[in-house]
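Enquirer: Give me a model of this one.
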Amino acid sequence: MSVRNTVKSIQDIMRKDVGVDGDAQRISQLCWMFFLKIIDDQDQELEMTRTDYASPIPEKLQWRTWAADPEGITGEALVDFINDTLFPKLKELEAPGNSANRARVVRGVFGDAYNYMKSGQLIRQVINKISAVDFNDLTDRQHFGDIYEQLLNDLQSAGNAGEYYTPRAVTSFMVQQIDPKPGELLFDPACGTGGFLTCSIRHMRGRYVKKPADEKAMQASLRAVEKKQLPHMLCTTNMLLHGVEDPGFVRHDNTLARPYISWGAADRVDVVLTNPPFGGKEEDGIESNFPKQFQTRETADLFLALIIRLLKKDGRAAVVLPDGTLFGEGVKTRLKEHLMEECDLHTIVRLPNSVFKPYASIGTNLLFFEKGRPTEEIWYYEHRVPEGQKAYSMTKPIRLEHLQGCADWWGGAERVGRKETEVAWKVTAGEVKARGYNLDWKNPHTVEAELGDPRELLTKMEAAERETQALRDQLRAILEEALLR
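Expert: The predicted structure follows:
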């Protein structure tokens with residue numbers, strides 16, 4: 001059976017279980033099971049290739065011991081083992097020496113995980129399906145990687161869980177334009193399911209990883225934090241699936257809970273790629289971790305302030321932000337002024353409202369900036385839905401090739417030779433300052449095309465007003481005549 005059919009059959013089995021309610025729970029259930037299988041396959045390979053390696057998971061809790069035998073434990077005994085032995089022990093797992101980091105990863109995944117399935121017979125059926133996938137087989141792993149990506153995509157329709165997923169065309173484009181390299185410290189402070197990390201790994205392996213030392217440098221330079229349990233578990237599993245031996249760099253924490261001033265020189269990074277949560281509010285007290293001029297409960301604003309601080313000199317960032325950040329006032333104005341003073345905000349790519357549907361239907365923007373010199377001019381690029389399509393949707397999502405026009409216009413790493421077009425224009429820092437740091441600049445070429453010549457419009461408007469006044473006079477005369485009768 002193909003990997004795709006295996007995953008589909010697993011989902012069909014889970015739908016029969018009374019304990020699993022909806023996509024988010026089903027994906028969470030799938031994730032901890034796949035995690036244990038993937039890490040056990042990795043452990044077996046590491047035990048064969050490294051004499052100093054020992055799995056951090058005790059033998060009786062390893063997948064190969066309790067799950068691999070298709071005729072093994074099932075029914076109530078299996079449910080009891082999972083709920084009363086497997087989960088409690090993995091939540092408190094300790095391992096000394098070389099296995100300490102992997103033990104910490106396992107604890108992090110199972111810290112808030114939950115077994116939703118109630119039927120031991122159905123659990124056994126799922127386990128047997130998962131056991132058929134060999135994650136040490138490159139073909140199996142690549143096929144499953146594609147399917148795992150589809151599972152993450154399914155989160156877009158899984159209620160609030162959709163907030164953790166950024167369309168892969170968007171993450172791939174941002175990574176492509178930022179061009180991270182092995183050894184550069186790369187940080188996603190709100191990593192969700194790990195989209196920016198996996199795209200960066202693929203990008204670096206495709207372009208720069210030529211020998212084991214390059215791979216080692218790449219993996220050692222990744223940094224990420226995720227606040228919520230489900231996406232953290234999905235991201236950690238995603239890293240294992242992409243051949244990362246120690247995904248302990250994905251911390252289960254709230255980046256914003258750490259005081260702003262405590263992020264010092266040792267915490268600076270070369271690259272930030274992220275889609276911070278927007279539209280939400282942080283818990284009471286979080287804003288007090290930030291300087292008074294940046295204090296707000298709006299999550300996206302707090303992340304933007306922190307990203308500016310975290311970048312090294314000449315560090316670069318690509319960040320997804322909503323329209324509200326561009327035109328907002330108050331704290332948002334101070335943030336944008338700070339951004340343009342500390343960084344060269346060289347490009348803003350404006351995306352249509354439908355890119356993040358169905359999770360969100362608001363206008364979003366990709367902000368690209370580099371730290372170390374103030375902004376002198378900002379280039380805007382308006383991305384449009386392909387001709388013949390009214391909007392992006394679940395069945396017709398944005399694809400990387402849709403952004404190729406912007407990539408061609410970009411001008412390479414130095415952004416040389418950019419020209420104004422019907423979808424590209426620039427404004428000066430002085431113009432932005434004169435508008436109170438309002439970055440919500442509409443496409444001037446579109447305005448001209450849609451509205452026409454201003455003098456002609458004014459003439460038409462005056463004519464329409466005269467016609468309206470004549471109709472009013474006519475109506476008044478009719479009413480007065482009727483009153484006199």
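Enquirer: drop to CA atoms for contacts and neighbour counts, all remaining ones
Expert: Will do.
Enquirer: Identify each of the helices in the stretch 51-200 of the chain and give its residue range.
Expert: 63-66, 75-81, 87-91, 100-110, 120-131, 138-154, 168-178, 195-207 (DSSP state H, counting those that start in this stretch).
Enquirer: Now the weakest link among those helices, please, by mean pLDDT.
Expert: The minimum mean pLDDT among the helices of the stretch 51-200 of the chain belongs to helix 138-154 (a mean of 72).
Enquirer: What values do phi and psi take at residue 371?
Expert: Torsion angles at residue 371 (phi, psi; degrees, to the nearest 10) stand at phi -90, psi 150.
Enquirer: and the nearest residue to it once chain neighbours are set aside, how many neighbours?
Expert: In this structure, residue 371 finds its nearest non-sequential neighbour in residue 343, 4.1 Å apart by CA to CA, 6 or more residues apart in numbering. By other CA atoms under 10 Å, the residues close to residue 343 number 25.
Enquirer: contacting residues for residue 343?
Expert: 308, 369, 370, 371, 372, 373, 374, 375 (CA atoms under 8 Å, 6 or more residues apart in numbering).
Enquirer: Model confidence at the fifth one, what's the number?
Expert: On the pLDDT scale, residue 372 is placed at 96.
Enquirer: May I have the phi/psi pair for it?
Expert: According to degrees, to the nearest 10, residue 372 has phi 120, psi -10.
Enquirer: Next, work out how far apart it and residue 317 are.
Expert: 12 Å (CA to CA, to the nearest Å).
Enquirer: between those two, who's got more neighbours?
Expert: Using other CA under 10 Å, the more surrounded residue of residue 372 and residue 317 is residue 317, with 27 against 16.
Enquirer: Tell me the strands beside the helix or strand hosting the more buried one, with direction?
Expert: Here residue 317, judged by DSSP states H and E, is contained in strand 311-322. Its sheet considered, strand 311-322 pairs with strand 269-274 (parallel), strand 364-371 (antiparallel) by DSSP bridges.
Enquirer: Most tightly packed of the ones you listed?
Expert: Using mean count of other CA atoms under 10 Å, the stretch among these with the largest mean neighbour count is strand 269-274, at a mean of 26.
Enquirer: Now render the helices of the stretch 51-200 of the chain as TSV, adding distance to residue 464 and mean neighbour count.
Expert: Below are the helices of the stretch 51-200 of the chain laid out as TSV (distance: least, CA to CA, whole Å; neighbours: other CA atoms under 10 Å):
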stretch	distance to residue 464	mean neighbour count
helix 63-66	78	17
helix 75-81	76	15
helix 87-91	73	18
helix 100-110	67	21
helix 120-131	70	20
helix 138-154	51	16
helix 168-178	45	20
helix 195-207	53	20
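Enquirer: closest one to residue 405 among the ones you listed?
Expert: Closest approach to residue 405 among those (CA to CA): helix 168-178, 11.3 Å.
Enquirer: Show me what the closest one packs onto, helices and strands only.
Expert: helix 195-207, strand 269-274, strand 311-322 (3 or more CA pairs under 8 Å, 6 or more residues apart in numbering; DSSP states H and E).
Enquirer: Give me the residues contacting the last one.
Expert: By CA under 8 Å, 6+ apart, the residues outside strand 311-322 that reach it are 174, 178, 268-276, 278, 300, 362-372.
Enquirer: Equivalent analysis for stretch 420-435, please.
Expert: Residues contacting stretch 420-435 (CA under 8 Å, 6+ apart): 340, 375-383, 419, 438-439, 443-446.
Enquirer: Tell me which of the residues you listed fall in strands.
Expert: 377, 378, 379, 380, 381, 382 (DSSP state E).
Enquirer: residue contacts, the first one?
Expert: Pointing back at residue 377 there. So residue 377 contacts 345, 346, 426, 427, 428, 429 (CA under 8 Å, 6+ apart).
Enquirer: From the residues you listed, list just the buried residues.
Expert: 345, 346, 426, 429 (16 or more other CA atoms under 10 Å).
Enquirer: Which ones among the residues you listed map onto helices?
Expert: residue 429 (DSSP state H).
Enquirer: Mind telling me the two of the buried ones among the contacts of residue 377 farthest from one another?
Expert: So, those by CA to CA: farthest apart are 345 and 426, at 11.6 Å.
Enquirer: tell me, what's touching the two both at once?
Expert: 377, 378.
Enquirer: Can you pull up the most central residue in the chain?
Expert: residue 166 (4.1 Å; CA atoms, centre = their mean).
Enquirer: hang on, the earlier thing: please identify the buried residues of the strand holding residue 317?
Expert: Those buried within strand 311-322 under the rule 16+ other CA under 10 Å are 311, 312, 314, 315, 316, 317, 318, 319, 320, 321, 322.
Enquirer: hmm, back to that, buried ones among the contacts of stretch 420-435?
Expert: 340, 375, 377, 378, 379, 380, 381, 382, 383, 438, 439, 443.
Enquirer: where's the last one relative to residue 429, distance?
Expert: Using CA to CA, residue 443 is found at 17 Å from residue 429.
Enquirer: now the third one
Expert: The span separating residue 377 from residue 429 equals 5 Å under the rule CA to CA.
Enquirer: Then the first one?
Expert: Relative to residue 429, residue 340 is positioned 8 Å away (CA to CA).
Enquirer: overlap in contacts of the two?
Expert: Counting by CA under 8 Å, 6+ apart, the residues touching both residue 340 and residue 429 are residue 375.
Enquirer: tell me which element the closest residue to residue 304 other than its chain neighbours falls in.
Expert: Nearest non-adjacent residue to residue 304, counting by CA to CA, 6+ apart: residue 335, 7.8 Å away. In this assignment (DSSP H and E), residue 335 forms part of helix 331-342.
Enquirer: Now do that helix and strand 377-382, the angle between them.
Expert: 120 degrees (axes from the mean of the first three to the mean of the last three CA atoms, to 10 degrees).
Enquirer: can you list contacts of helix 331-342?
Expert: 293-296, 301, 304-305, 308, 325-326, 345, 371-375, 429, 436-438.
Enquirer: Mind checking which of these are in helices?
Expert: 301, 304, 305, 308, 325, 326, 429.
Enquirer: now, among the residues you listed, which is nearest to residue 460?
Expert: residue 326 (33.3 Å).
Enquirer: Leaving out sequence neighbours, find the closest residue to that closest one.
Expert: Per CA to CA, 6+ apart, closest to residue 326 is residue 439, 4.7 Å.
Enquirer: so who does that neighbour touch?
Expert: 326, 327, 432.
Enquirer: in the helix or strand encompassing residue 431, what's buried?
Expert: Here residue 431, judged by DSSP H and E, is contained in helix 429-434. Within helix 429-434, the residues that count as buried by 16+ other CA under 10 Å are 429, 432.
Enquirer: tell me the mean pLDDT for it?
Expert: pLDDT averaged over helix 429-434 gives 97.
Enquirer: can you dump the C-alpha coordinates of it into PDB?
Expert: Listed in PDB are the C-alpha atoms of helix 429-434, where the atom choice follows Å, rounded to 0.1, in the frame of the first residue of the first chain:
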ATOM      1  CA  ALA A 429      11.000  57.900   3.800                       C
ATOM      2  CA  GLY A 430      10.200  61.600   3.800                       C
ATOM      3  CA  GLU A 431       6.800  60.900   2.200                       C
ATOM      4  CA  VAL A 432       6.000  58.200   4.800                       C
ATOM      5  CA  LYS A 433       7.100  60.500   7.600                       C
ATOM      6  CA  ALA A 434       4.900  63.300   6.300                       C
END
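Enquirer: so how far is it from its chain's centroid?
Expert: 31 Å (CA atoms, centre = their mean, to the nearest Å).
Enquirer: Neighbours of residue 24, how many?
Expert: 22.
Enquirer: so what's the backbone phi/psi at it?
Expert: Residue torsions, per degrees, to the nearest 10, at residue 24 are phi -60, psi -40.
Enquirer: Thank you kindly, that will do.
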